[in-house]
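> Model the structure of this input:
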Amino acid sequence: MQTPGSFARAQWETKLQLRDIAKDKTNNLSVDVLAERNGPMRMEASAVMGIPVASYVMDRSGFRCAVYSSKTFYEGSLNEQALKPLLHLALSPVVLSRVVFDEPLHGSDWKCNAGSDGFVADCESASRKIKIAWHREEASREVHKTEVQFKPETFKLSPAPSFKLIRL
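Sure thing, here's the model as predicted:
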């Protein structure tokens with residue numbers, strides 16, 4: 001299975017659709033991502049019309065997440081609960097990192113399939129009841145190769161004084 005690029009740093013915008021089939025509920029988000037392969041990552045999630053939903057930062061020391069609607073700030077170690085404030089499901093941050101870099105998932109019971117282009121198309125975990133699918137729209141895809149300027153403060157996130165702090 002191929003991956004779309006071998007870049008070490010990336011900055012892009014993507015769409016994320018979370019569907020809870022059992023509850024028949026779907027959430028659509030726009031997500032701006034700044035990431036280093038095997039390094040820190042920052043995501044800014046917004047809803048329709050650019051309304052900020054959450055900021056999420058993770059690095060080797062752990063994660064920090066600000067959820068604006070509830071004025072809640074989460075922080076903790078990189079474990080199965082680290083993405084729960086953002087995605088509302090238990091999922092390792094390693095999985096998220098592999099997803100944003102278009103890499104197939106490995107370990108436990110993940111099974112991935114390649115699309116006709118040879119790139120990862122979907123991955124599924126039967127025990128977690130999670131399926132992740134990549135949808136690439138080549139006709140509308142634009143790629144601009146530039147050197148992303150990462151600054152130390154890019155991967156810092158602190159709670160606002162009015163936010164409730166929860167350590168996971």
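> And the helices in the protein, which stretches?
84-87, 93-100 (DSSP state H).
> which residues sit in contact with Met43?
Val31, Asp32, Val33, Leu34, Ala54, Ser55, Tyr56, Val57, Leu86 (CB atoms under 8 Å, 6 or more residues apart in numbering). For the C-beta atoms, the positions are set from N, CA and C on the backbone; glycine is no exception.
> can you tell me which of those residues lies nearest to Glu75?
Val57 (9.4 Å; CB to CB).
> ok, now how distant is Ala121 from Lys84?
The gap separating Ala121 from Lys84 is 26 Å, by CB to CB, to the nearest Å.
> and the residue positioned nearest the centre of the chain, what does it touch?
Central residue of the chain (CA atoms, centre = their mean): Leu96, 4.8 Å from the mean position. Taking CB under 8 Å, 6+ apart, we find Leu96 in contact with Met41, Leu83.
> all strands of this structure, in order?
Assigned by DSSP state E, the chain shows strands spanning 9-20, 25-36, 41-46, 52-59, 62-67, 72-76, 110-114, 120-125, 130-133, 164-167.
> what about Ser77, distance to Phe63?
For Ser77 relative to Phe63 (CB to CB), the value is 8 Å.
> With neighbour numbers in mind, choose between the two.
Phe63 (24 against 12; other CB atoms under 10 Å).
> This completes my enquiry, with thanks.
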